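K.L.:
sequence first, then the predicted structure:
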Amino acid sequence: MGEVICELKKVSKKFKKSDCCPIKKLDMKINAGDYISIEGVSGIGKSTLLYLIGGLISPTEGDIFYFGKNVKSEKDFLSIRKKSISYIFQDYRYIEFFTIEENLMFAARNRKLCKEKIKEEMEYYLEILHLQDKRRVYPYNLSGGQKRRLMIAIAMIRDTQILIADEPTNDLDLFMEEKVLNLFDDKVKEGKTIILSTHNPRVSQRVNLRYQIEASRLSILGG
């Protein structure tokens, strides 16, 4: 078991407009090298939990610790997001006026690698994800599956300690799904941490720790 990189203590999230509280008094520890799935029916709070872990929304109650530090301010979380967390969202997020190649190079801008090494990695991910012939194409000209693969490539080339992925295999056929899951496996072998939401049993069987959200509570399903 690796070091604890993130811990949630008695975290709750209540949305004012709907008076809905999908997460209540939740405790969770995430270690370096964990490969975690968050499972449950649609609308149960899987995305909410991922957004809390990723610092994209703040808890109504409770505390979130990263690397032993209680993260309270948006400034602190912004620093962690920039250095340590990558995301694959359900919706498509990239820079529309950048080509695929430009999106990937921009995503890797904070890495301490020479430009040639970054380009090597970019070529690798373009080939694996079957985007090599789309390198100079803008995202608005891509299909849904290609846009999903672009987001995955962006997350891969950022190479952060933590990857948060919300239903990452949506829009992928079985062939490409397997390639993406192999990429995730490789990251975990490198000691990276992946937390994803899914209702796909093929994804669930690849992780080493499964959680389920039910009635605003989190329980371990096993791995």
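P.N.:
On my side now, so go ahead. Numbers count the residues shown, from 1 in each chain.

K.L.:
for the spatially most central residue of the chain, list the residues it contacts.
P.N.:
Geometric centre of the chain, nearest residue: residue 164, 1.7 Å, by CA atoms, centre = their mean. Neighbouring residues of residue 164 by CB atoms under 8 Å, 6 or more residues apart in numbering: 50, 53-54, 85-88, 195-196. To be clear about C-beta, it is placed using only N, CA and C from the backbone, and glycine gets the same treatment.

K.L.:
output these in CSV, with neighbour count, secondary structure and pLDDT appended to each entry.
P.N.:
Listed next are the contacts of residue 164 as CSV, based on neighbours: other CB atoms under 10 Å; DSSP: H, G, I helix; E, B strand; the rest coil; pLDDT from 0 to 100:
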residue, neighbour count, secondary structure, pLDDT
50, 23, helix, 96
53, 22, helix, 95
54, 22, coil, 94
85, 23, strand, 96
86, 24, strand, 96
87, 21, strand, 96
88, 23, strand, 96
195, 25, strand, 98
196, 25, strand, 98
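
K.L.:
coming back round to it: partners of the one helix or strand the residue nearest to the centre of the chain maps to, with directions?
P.N.:
Using DSSP states H and E, residue 164 maps to strand 162-166. Neighbouring strands of strand 162-166 in its sheet, by DSSP bridges, are strand 85-88 (parallel), strand 193-197 (parallel).

K.L.:
reformat the contacts of residue 164 as a markdown table; add distance to residue 171.
P.N.:
Formatted as a markdown table, the contacts of residue 164 follow (distance: CB to CB, whole Å):
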| residue | distance to residue 171 |
| --- | --- |
| 50 | 18 |
| 53 | 23 |
| 54 | 21 |
| 85 | 22 |
| 86 | 18 |
| 87 | 16 |
| 88 | 11 |
| 195 | 20 |
| 196 | 15 |
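
K.L.:
out of these, which comes closest to residue 70?
P.N.:
Of all the contacts of residue 164, residue 53 has the smallest distance to residue 70: 14.7 Å, by CB to CB.

K.L.:
so for the strand holding residue 164, mean pLDDT?
P.N.:
Mean pLDDT, computed over strand 162-166, is 97.

K.L.:
after it comes which helix or strand?
P.N.:
Using DSSP H and E, the helix or strand that follows strand 162-166 in sequence is helix 174-189.

K.L.:
compute the inter-axis angle for the strand holding residue 164 and helix 174-189.
P.N.:
On the basis of axes from the mean of the first three to the mean of the last three CA atoms, to 10 degrees, strand 162-166 is oriented at 150 degrees to helix 174-189.
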